Structure formats: C-alpha cells, structure tokens
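Colleague: this one's structure only:
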C-alpha cells in the first residue's frame, strides 16, 4: 500500500496517464479539486497539468506516489500540523491519521473542505486551522 493506494491502482493511473494524458487530466483535475461550487479551480488546475509534458508529469507522479518515508517520521523534531480535508481522493484520512500517530508532537486538523488542494479551494478554512498552530 502506497499513500492509501494499492500498487495495482497506481499502475492503472500510470497507464491512463501514458495512454491518453489529456483524457486523464480531464478526469483527474475535477477529482483533485472536488469543489463543484468553483469549477474554475478544476479548469485552472487542468490547464496547469496540460502545460506539463506528459512524460514529465508521469515521472513526477511516479516519484510522488512511490516515495515511502514512513521510516523517517519518528525522526522529526519540530511540532507538525497535519491538515486533511473531509474528502480527499488522493490522500485518504487514514493516511493523515497514520502520519499523526507516527510524527512526534503532531496534531491533525480536518479542514471543512473537500479535495486535495484546500489552500486553493478553501483558503479561509486553511488559514483558520493554521492560526492557532502558529500562534496567530
């Protein structure tokens, strides 16, 4: 299991990206933003993805999804705030819970938002979660 995904799921994602990158982007961008009230966010994200060369996007996706730093979590020595949205198809809540359980002096806050990029789709909710942590 990698970040909440089975390897076969990741292999399917890589295959979809390789076979028809534009079609993959058109399906991935709305899922990642998951904000039906602001469809322009998904359009903007999709445009940004389409600006990437497909082979580079695939290489970055492989690097992100296959990276495994679980053995390093216990070494962290600074307080950590883990922000998680209510629904994130890319990072399930169980991943955020795992991080919180394995990072010393960490705190998990579930932000009232959906999607993988709450700093874009719900910046006020992210700021509200950050303020107490940074002492604001």
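Modeller: Noted; the coordinates are in hand. Predicted, not measured: the structure shown is a model, and the values here were computed from it. Numbers count the residues shown, from 1 in each chain.
Colleague: assign the most centrally placed residue in the chain to helix, strand or coil.
Modeller: Geometric centre of the chain, nearest residue: residue 116, 4.3 Å, by Cα atoms, centre = their mean. Put simply, residue 116 is coil when judged by DSSP: H, G, I helix; E, B strand; the rest coil.
Colleague: how close does it get to residue 4?
Modeller: 12 Å (Cβ to Cβ, to the nearest Å). C-betas here are computed from N, CA, C, even on glycine.
Colleague: picking up where we left off before, list the residues that contact the residue nearest to the centre of the chain.
Modeller: By Cβ atoms under 8 Å, 6 or more residues apart in numbering, residue 116 lies in contact with 32-34, 85, 88-91.
Colleague: which among those residues gets closest to residue 78?
Modeller: Nearest to residue 78 among these is residue 91, at 20.9 Å by Cβ to Cβ.
Colleague: next, the closest one: secondary structure please.
Modeller: What three-state DSSP gives for residue 91 is coil.
Colleague: begin at 45 from here
Modeller: Taking 45 as the first residue, the last one we looked at is residue 135.
Colleague: correct me, but it touches residue 76?
Modeller: No. Between residue 135 and residue 76 there is no contact under Cβ atoms under 8 Å: 10.5 Å.
Colleague: which one's more surrounded, the two?
Modeller: Higher neighbour count among residue 135 and residue 76: residue 76, with 22 against 15, using other Cβ atoms under 10 Å.
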